[in-house]
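**Q** no sequence on hand, only this structure:
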């Protein structure tokens, strides 16, 4: 594994899962591995879980961790090549990233999409600039189109709680007052496709995920039908991919509530957080014993630590 | 000690003081105690002394420390239960706090009052949400109504400098251009009441502190009379508790100056900082050898380290 | 060395360079030196390289590092003595700095000039307040008039790449859309004057650097003539010192491009970054193998670590 930006960067997902179990069982078995190594966490956007869990993971490995919020600690970066930089961007990304790479042994970067121009977002300009110029392994802390540390944590959570070999896993769209990225949805199906699980995605028409990631995945437009017999229900809002970045529906009938959960096989409820309560999911569901949201979040440390450990071993 | 949010959390104040003396004498005797332990410092408001001194205290104990400014690093949190979260709050506190608790062994939180609604502020919604949902010990880094790490540092400072067993300690209100919380004043009297000191509070009428904390404390409305024979003069502004959050007086005659200090028993001057010079206190007083303000601030490390050490030992 | 704020704080520059070479060869030979020592990095302005490289340097020495952005993490400081502080400044610098000094073993501070009033800027009010009140060694992370950590990194870079004993080093002004400080230019000539190098400064008339630092340095107003035979070309914009803080020229003919570099002795290109591409320097130059900009930035760790190591040894 050279970088960690997508399911595709993982050569052996079962080996990674096995390592995660070991990390989870004893988080402090490798406190010397990161000695004299520096992790740089570069945030172009806000973060709570990713920020804290990745710092915690680095600490567990004995790494030094430097956090930088580009917007407030630094200045705007230029990403276009060949520009005459006489406007508001004070530094070119290729210079800033090469410098950050010279200070760090691994770089993590969070960069959300603009949701204005699909081509630009799906080209992953910021993430790919890091890969191109950093000269060190790059970990995605959520990019424009994917959120692999989250998906790996989700996979770990499902593995920990599945009661059958091939559980039915349902990813359901849910309403939200703001236009959100497709990254969590894209990434979840990208990872789930690699498992033996029965995967079903349900959403209103027009909310189809990018084929690039969702190709071959079963879509069921009837949410109640999709929930039938589900072992895991993963709720998440995303904006439209086809009508790019738009909110096509705020239909509150898509909220995940107790009545719908009653259709399932006593399913666990999942969400990556932050979540809008009583918009995406009813309190009765997220506060029930079947809710895995806090375990998912806790597994973000396991996920990040497993990935960092793998990258450190390969340095 | 399960949490540290008030004098009431301390079972044996003399034992805590004794531990503080030991911490002060050798801050590096317990550098292994915090190994593999993480302290999360969550700031809803600005901070200088608390931010730096608590990080320093954690480092002295070998703890890993993660700092998060909710406003700039993250997003707004919802604190009301049952809300349909379709407005500007992106995450419910109960979820965010449970997640932060899953990453940290101890959580510190700073949350100032709004000074609009007394009932809401004195209910300590944010602090109590942390206690309710964190699942780990919570340390107040100043809440809506109390500032125990400051008061403990103040107590340490008085103990270090008292010349008699029962010194006269005067807390005096002073003018200020902005409406400030009552937390430092409330907290100071809460702690001082537990000592053998002669405690007098002086302020203009209408500035009585919350009975909940000041009950039984002697009030002297004549500032000059209060200063007579004082061994310690602690200055601090606070807004009105009865006319909640209001500035009732900007009377500059309440400034602590050399003439008033001349009425005392060569008293030490104290203030928690930050202080408005020549509004709250005259330069001649705060810059005199009798001023303890820098020692008080330095004792914030001792105070925080003693508290963290106690909590770590109980984990 | 008591503080590190200027070339003048260094008693033996050759000894410092020798130590830098040792640091560069093995950055982890002194990981115990900073044990139980705390470095405070106080930023009044944005920073990328300085922020990251100094944290990295501290980590390499085993120091604990606390970063504080005065503007966003804290509040405005008053620097004038004797003020009645009833306006927007919540704390006097003399109090805040003494407190920060009580928490830290070494303090670094970044404070840019206002570029409005030359006398105020060249008095270095903020930096000198730190020296006056901190009570611990102070490291300039770029002050109003100098940037010694950068200049020392530049010197290390030139030493690493010089092909002759007395290389010709040219500092050239270049255009920029915003008014920038003179600190990098001032500091570069202050350090270069102490070497055997042939130093030439070139800029449009009116851009003469402060005599205090540039006294005795050769100025050549014809940029092309200055470049002839150069071994190193260091580009940098600065605003006018005589017409203080003003932009007198945006003349794009001063950009450093391939045609001008062809006049040199196959010169290395240098810049402290961040740089406006195709305004200050053409892509063809900064992207050429002769460009040292990333090495200069990488040497910021060496520079900072050498300085911190020297200060730690003297504690």
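**A** Looks like it arrived, so ask away. Predicted model, so just to flag it, every value in this text is computed and none were measured. Residues are numbered from 1 along each chain as shown, chains lettered A, B, ... in the order given.

**Q** drop to CA atoms for contacts and neighbour counts, all remaining ones
**A** Noted.

**Q** can you list contacts of stretch A:52-65?
**A** Identification of contacts with stretch A:52-65 by Cα atoms under 8 Å, 6 or more residues apart in numbering or on different chains yields A:27-28, A:30-41, A:298, A:300-302, A:304-305, A:308-309, B:36, B:38, B:64, B:66, B:100, B:103, C:59.

**Q** ok, of those, which come out buried?
**A** A:27, A:33-34, A:36-41, A:298, A:300-302, A:304-305, A:308-309, B:36, B:38, B:64, B:66, B:100, B:103, C:59 (16 or more other Cα atoms under 10 Å in any protein chain shown).

**Q** what about residue A:185, distance to chain B?
**A** Taking Cα to the nearest Cα, to the nearest Å as the measure, residue A:185 falls 18 Å from chain B.

**Q** so which helix or strand takes in that residue?
**A** Element membership for residue A:185 (DSSP states H and E) is helix A:183-192.

**Q** who does the helix or strand following that helix pair up with?
**A** Along the chain past helix A:183-192, the next helix or strand (assigned with DSSP H and E) turns out to be strand A:198-202. Paired strands of strand A:198-202, with direction, are strand A:168-173 (parallel), strand A:218-219 (parallel) (DSSP bridges).

**Q** next secondary structure element downstream of the shortest one?
**A** Downstream of strand A:218-219, the first helix or strand assigned by DSSP H and E is helix A:223-227.

**Q** which elements pack onto that next one?
**A** Under the contact criterion of 3 or more Cα pairs under 8 Å, 6 or more residues apart in numbering or on different chains; DSSP states H and E, helix A:223-227 touches strand A:168-173, strand A:198-202, helix A:258-261.

**Q** tell me the secondary structure at residue A:68.
**A** Following DSSP: H, G, I helix; E, B strand; the rest coil, residue A:68 is assigned to strand.

**Q** how near is it to chain B?
**A** Applying Cα to the nearest Cα to residue A:68 and chain B gives a distance of 10 Å.

**Q** list the contacts for the residue nearest to that residue when sequence neighbours are not counted?
**A** Nearest non-adjacent residue to residue A:68, counting by Cα to Cα, 6 or more residues apart in numbering or on different chains: residue A:42, 5.0 Å away. Shown in contact with residue A:42 (Cα under 8 Å, 6+ apart): A:67-70, A:107-110.

**Q** likewise residue A:113?
**A** So residue A:113 contacts A:121, A:143-145, A:181 (Cα under 8 Å, 6+ apart).

**Q** which one of the residues you listed is nearest chain C?
**A** The nearest member of these to chain C, counting by Cα to the nearest Cα, is residue A:143 at 21.4 Å.

**Q** tell me the pLDDT of the closest one.
**A** Looking at residue A:143, its pLDDT reads 98.

**Q** and residue A:139, what element?
**A** Assigned by DSSP H and E, residue A:139 falls in strand A:138-140.

**Q** actually residue A:98, not the one I wrote
**A** Short version, using DSSP H and E: residue A:98 is in helix A:93-103.

**Q** now that helix, how far from the chain's geometric center?
**A** 24 Å (Cα atoms, centre = their mean, to the nearest Å).

**Q** what lines up beside the helix or strand just after that helix in the sheet?
**A** As assigned by DSSP H and E, the chain's next helix or strand after helix A:93-103 is strand A:106-110. Applying DSSP bridges, strand A:106-110 is found paired with strand A:38-43 (parallel), strand A:138-140 (parallel).

**Q** I'd like to know which residues of the stretch 101-250 of chain A are adjacent to chain B.
**A** A:176-177 (Cα under 8 Å from any Cα of the partner chain).

**Q** in the stretch 101-250 of chain A, which residue sits nearest chain C?
**A** Nearest residue of the stretch 101-250 of chain A to chain C: residue A:102, at 5.8 Å (Cα to the nearest Cα).

**Q** one more: the stretch 201-315 of chain A?
**A** residue A:315 (17.0 Å).

**Q** do you know the pLDDT at that residue?
**A** 95.

**Q** please apply the same query to residue A:71.
**A** What the model reports as pLDDT for residue A:71 is 79.

**Q** the most far-flung residue of chain A relative to its centre sits in which helix or strand?
**A** Largest separation from the mean C-alpha position in chain A: residue A:86, at 35.4 Å (Cα atoms, centre = their mean). Here residue A:86 sits in a region with no helix or strand, counting by DSSP H and E.

**Q** gap between it and residue C:154?
**A** Separation of residue A:86 from residue C:154 (Cα to Cα, to the nearest Å): 25 Å.

**Q** what does residue A:97 give?
**A** Residue A:97 sits 20 Å away from residue C:154, going by Cα to Cα.

**Q** which one of these two has more residues nearby?
**A** Each of residue A:97 and residue C:154 has its neighbours counted (other Cα atoms under 10 Å in any protein chain shown); residue C:154 has more, 27 against 23.

**Q** OK, contacts around that one?
**A** So residue C:154 contacts C:188, C:296, C:299 (Cα under 8 Å, 6+ apart).

**Q** go with 6 Å
**A** Applying Cα atoms under 6 Å, 6 or more residues apart in numbering or on different chains to residue C:154 gives the contacts residue C:296.

**Q** what does residue A:302 show for phi and psi?
**A** Main-chain dihedrals, residue A:302, degrees, to the nearest 10: phi -60, psi -50.

**Q** next: the one 3 residues further on.
**A** The main-chain torsion angles of residue A:305 are listed as degrees, to the nearest 10 and equal phi -70, psi -40.

**Q** once you drop chain neighbours, what's closest to it?
**A** What sits nearest to residue A:305 in space, not counting adjacent residues and going by Cα to Cα, 6+ apart, is residue A:57, at 4.6 Å.

**Q** flag every residue of the stretch 1-150 of chain A that's near chain C.
**A** Proximity of the stretch 1-150 of chain A to chain C, by Cα under 6 Å from any Cα of the partner chain, involves residues A:73-74, A:84-86, A:91, A:102.
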